[in-house]
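Colleague: based on what follows, work out the 3D shape:
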Amino acid sequence: MLEDWRHIHNVIIPTAPLSLEDVRERSGRYLLDVAYVDDEPVGCMTVRPPSTDTPAVTVIARVLPEHRRRGFGRRLFEHGLVAARRLGSDTVETIVLASNVDGLRFAEACGFAEVARDLLPGDTIPFVTLRAPLE
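Modeller: Numbering: from 1, shown residues only. This next block holds a predicted model:
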C-alpha cells in the first residue's frame, strides 16, 4: 500500500517526489490510505492531525488523472473527513499543487477557500493551502 501511495503522490506532485522511506516515515505520523478498483490503485489520501503550527486538520485526496471525474476523489475526501472529525478540530485544510487545476476546482467545489501559497526552495510551482469549516 505504501508503494502505491508513493506512486500516486509522485505522479500528482512531480515537484516534490518522495522515496519509500519518506512515505514510511509519514505513515508513522499521518493516516495514509489508497483507493483501489480491481486491485488497481486510483487515488490516495492523507490526514494530518492538528499541530502547534496548524490548528486545522489537513485532509488531502489525490486521484490519478485517468481516474478523475468518477467520484473517487469525493469518496477519498469523505473518508478523510471521517478521520478528521475524530481529531477534534473545527477547521479542515487541504493542500493542492497550483498546477493541478482539477484539484483546485475540486477543493473549491467542496467549499474550500485559498488561504496561502507556499513555494518550496528550488520549486517554481507553489502549493496552495485551502481552508473550510469542518462540519
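Colleague: residues contacting the residue nearest in space to the middle of the chain?
Modeller: Using C-alpha atoms, centre = their mean, the residue of the chain that lies closest to the mean C-alpha position is I60, 1.8 Å off. Applying C-beta atoms under 8 Å, 6 or more residues apart in numbering, we find I60 in contact with M45, T46, R48, G80, T94, I95, V96. Just so you know, the C-beta spots here come from the backbone N, C-alpha and C atoms, and that holds for glycine as well.
Colleague: so who does the third one touch?
Modeller: Going back to what we said before, that points to R48. R48 touches R29, Y30, T54, V57, T58, V59, I60, counting by C-beta under 8 Å, 6+ apart.
Colleague: where do the helices sit along the protein?
Modeller: 2-12, 20-29, 72-85, 101-109 (DSSP state H).
Colleague: if we can go back for a sec, could you pick out the buried ones from the contacts of R48?
Modeller: Burial by neighbour count, judged by 16 or more other C-beta atoms under 10 Å, picks out Y30, V57, T58, V59, I60 from these.
Colleague: the first one reaches T46, doesn't it?
Modeller: Yes - using C-beta atoms under 8 Å, Y30 is in contact with T46, at 5.4 Å.
Colleague: so of the buried ones among the contacts of R48, which ones are in strands?
Modeller: Among the buried ones among the contacts of R48, the members found in strands (DSSP state E) are V57, T58, V59, I60.
Colleague: same list (the residues you listed) but as CSV, adding pLDDT and distance to R85.
Modeller: Shown next, in CSV, are those (pLDDT from 0 to 100; distance: C-beta to C-beta, whole Å):
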residue, pLDDT, distance to R85
V57, 94, 8
T58, 93, 14
V59, 94, 10
I60, 92, 16
